[in-house]
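S.K.: Mind looking at a prediction? Sequence and model below.
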Amino acid sequence: MRTPIVAGNWKMFKTIAEAKQFAEAVKQQEEVEGVEQVVCAPFTALPALAEALQGTGIALGAQNMHFEEQGAFTGEISPLMLKELGVKYVIIGHSERRQYFHETDESVNKKTRAALKHGLRPIVCVGESLEEREAGETAAVVGKQTKAALAGADTAQLADVVIAYEPIWAIGTGKSSTAADANETIAVIRRVIAEDFGEAAASVVRIQYGGSVKPDNIASFMAEPDIDGALVGGASLTADSFRGLVLGAR
Ligand SMILES: O=C(CO)COP(=O)(O)O
């Protein structure tokens, strides 16, 4: 049994004060069992959230990291720095980072392996563009991204890996994939992992859908056999909406 996982990706939203307000609002709510919950916040909000989220059942996540432990890499944050803050998850290779910050399959692979080496759980993002989808290349594109991201990982580490399938055309557009289409592509991802790491390892990897997930559509995705959770942008920004997502994922 794979435990469902709902992760909020706050992107470049929320000051420290706003992040604290979110945590305070969450504390007023009753805890929900049976769903792993993660908030991936901007670096600047992580220290305050590490404290403010204590006792809420929400784990802390980052949105990126460098693959080296330290060095002359101006502006970057290392796995050790995230660990020190109590960060548990880190988003790797989000399509916005691939598109705007030149992340490649190779850097995604280095970061994924570095996260696993340091005991951070990577949420590895894969997904096709609209052009690729219309050309019938979805399975090939996400298959290649998945294989490249996980190359060289230890089979035993796969239980700590989360893959987020986020079709680029569905991100922030209000146009989500159908649950059936998302499940079909996620099944492809699982098959590709099985080719490289075996059926047993592939069966424990959690694979999320992301792209315009809301409290009122998350249940339809969760009803699909291969979808284990969601990576959510816009709808993760308020405590009420985040709770709606978590309740819908049970
Ligand atoms: O990019 C996403 C999460 O990483 C999805 O964003 P939205 O949920 O805002 O579409």
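M.R.: Yes, it's here.

S.K.: Quick one: list the elements packing against the helix or strand where residue 188 lies.
M.R.: Using DSSP states H and E, residue 188 sits within helix 179-197. Packing partners of helix 179-197 (3 or more CB pairs under 8 Å, 6 or more residues apart in numbering; DSSP states H and E): helix 138-150, strand 162-165, helix 199-204, strand 206-210, helix 218-222. In this view, the C-beta of every residue, glycine as well, is placed from N, C-alpha and C.

S.K.: hmm, try it at 6 Å
M.R.: Applying 3 or more CB pairs under 6 Å, 6 or more residues apart in numbering; DSSP states H and E, one finds that helix 179-197 contacts helix 138-150, strand 162-165, helix 199-204, strand 206-210.

S.K.: Now do the same contact list for the residue in the chain that the ligand sits nearest to.
M.R.: Using CB to the nearest ligand atom, the closest approach of the chain to the ligand is made by residue 233 at 2.5 Å. Residue 233 makes contacts with 9, 11, as judged by CB atoms under 6 Å, 6 or more residues apart in numbering.

S.K.: tell me the angle of the helix holding residue 188 relative to strand 206-210?
M.R.: If you take axes from the mean of the first three to the mean of the last three CA atoms, to 10 degrees, helix 179-197 sits at 140 degrees to strand 206-210.

S.K.: host element of the nearest residue to residue 103 once chain neighbours are set aside?
M.R.: Take residue 103 and drop its neighbours on the chain: the residue closest to it by CB to CB, 6 or more residues apart in numbering is residue 97, 4.5 Å away. Residue 97 is part of helix 95-100, with elements assigned from DSSP H and E.

S.K.: what does that helix rub up against?
M.R.: Residues contacting helix 95-100 (CB under 6 Å, 6+ apart): 103, 127, 168.

S.K.: Make sure the last one is actually in contact with residue 127.
M.R.: Yes - if you go by CB atoms under 6 Å, residue 168 and residue 127 touch, sitting 5.3 Å apart.

S.K.: Name the residue in these two with the higher neighbour count.
M.R.: Neighbour tally, residue 168 and residue 127, criterion other CB atoms under 10 Å: the higher count belongs to residue 127, 27 against 21.

S.K.: Just the pLDDT at that one, thanks.
M.R.: Residue 127 carries a pLDDT value of 98.

S.K.: can you pull out the strands in this structure?
M.R.: 5-9, 36-40, 58-62, 89-92, 121-126, 162-165, 206-210, 229-232 (DSSP state E).

S.K.: buried stuff in the first one?
M.R.: Okay, so that is strand 5-9. Across strand 5-9, burial judged by 16 or more other CB atoms under 10 Å covers 5, 6, 7, 8, 9.

S.K.: So which of those reach the ligand?
M.R.: residue 9 (CB under 6 Å from any ligand atom).

S.K.: how about stretch 234-247 as PDB, C-alpha atoms only?
M.R.: Output in PDB follows, covering the C-alpha atoms of stretch 234-247 (Å, rounded to 0.1, in the frame of the first residue of the first chain):
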ATOM      1  CA  GLY A 234      -2.200  27.700  -6.600                       C
ATOM      2  CA  ALA A 235      -4.700  25.700  -4.600                       C
ATOM      3  CA  SER A 236      -2.100  25.000  -1.900                       C
ATOM      4  CA  LEU A 237      -1.600  28.600  -0.800                       C
ATOM      5  CA  THR A 238      -4.400  28.900   1.800                       C
ATOM      6  CA  ALA A 239      -4.800  26.700   4.800                       C
ATOM      7  CA  ASP A 240      -8.500  26.000   3.900                       C
ATOM      8  CA  SER A 241      -7.800  25.100   0.400                       C
ATOM      9  CA  PHE A 242      -4.800  22.900   1.400                       C
ATOM     10  CA  ARG A 243      -7.000  21.100   3.900                       C
ATOM     11  CA  GLY A 244      -9.600  20.600   1.100                       C
ATOM     12  CA  LEU A 245      -6.900  18.900  -1.000                       C
ATOM     13  CA  VAL A 246      -5.800  16.700   1.900                       C
ATOM     14  CA  LEU A 247      -9.400  15.700   2.700                       C
END
